[in-house]
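> Please work out how this folds:
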Amino acid sequence: MTAELVCLTLIASRQFRQELFDYLTAQSDLVPGFTASDAAGHGETVRLLTPAERVKGHADQVLVRIVLKKVGAEQLLVRLRTAFAGSQLVYWMMPVVEFGVVDGYSASHSHPSLDP
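Numbering: from 1, shown residues only. All right, here's what the predicted structure looks like:
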């Protein structure tokens with residue numbers, strides 16, 4: 001039986017962008033890599049930290065997606081809760097039905113955290 005893969009999505013204030021990237025890169029035992037993009041946070045629970053955000057009406061954020069085994073995602077969340085306490089880091093985890101690269105490269109053998 002293969003380990004269940006998940007996509008862990010993290011959303012943080014853009015002020016934590018480099019710190020978060022550096023932290024995730026250092027967690028090489030769990031994080032095989034990640035994809036990040038800028039995001040605009042909207043809603044009642046989103047904190048608008050700067051005058052520019054208040055004028056724009058949205059928070060400047062960074063969105064990070066990591067595909068890894070569920071057990072690794074759970075371990076990473078424990079670490080993130082300590083490292084980013086008080087940062088209001090938002091996350092969710094979703095199952096990954098299939099993961100690979102179109103040119104035939106086997107993603108499951110690219111990093112130990114993705115091995116079955």
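
> any idea which helix or strand of the chain has the worst average confidence?
helix 51-56 (a mean of 76; mean pLDDT, DSSP states H and E).

> by contact count, what packs against the longest strand belonging to the chain?
Longest strand of the chain, by residue count under DSSP state E: strand 59-69. Under the contact criterion of 3 or more CB pairs under 8 Å, 6 or more residues apart in numbering; DSSP states H and E, strand 59-69 touches strand 5-13, helix 17-26, strand 35-41, helix 70-83. Any C-beta I mention is one placed from the backbone N, CA and C, and that applies to glycine too.

> Residue 3 in helix, strand or coil?
For residue 3, the assignment made with DSSP: H, G, I helix; E, B strand; the rest coil gives coil.

> For it, which non-adjacent residue is closest in space?
Setting aside the residues directly before and after it, residue 3 is nearest to residue 69 in space (CB to CB, 6 or more residues apart in numbering), at 4.4 Å.

> Starting from residue 69, give me the distance back to residue 82.
20 Å (CB to CB, to the nearest Å).

> of those two, who's got more company?
residue 69 (21 against 7; other CB atoms under 10 Å).

> rewinding a little: would you indicate which residues of the least confident helix or strand of the chain are buried?
Neighbour counts using 16 or more other CB atoms under 10 Å place residue 53 of helix 51-56 among the buried residues.

> Only the C-alpha atoms, please, for that helix, written as PDB.
Provided in PDB are the C-alpha atoms of helix 51-56 (Å, rounded to 0.1, in the frame of the first residue of the first chain):
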ATOM      1  CA  PRO A  51      -2.100  51.700   4.700                       C
ATOM      2  CA  ALA A  52      -1.700  50.500   1.100                       C
ATOM      3  CA  GLU A  53      -3.600  47.300   1.900                       C
ATOM      4  CA  ARG A  54      -6.400  49.300   3.500                       C
ATOM      5  CA  VAL A  55      -6.600  51.500   0.300                       C
ATOM      6  CA  LYS A  56      -6.600  48.500  -2.000                       C
END
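
> Can you tell me what sits against that helix?
Contacts with helix 51-56, where a contact means CB atoms under 8 Å, 6 or more residues apart in numbering, come from 40, 48, 59, 60.
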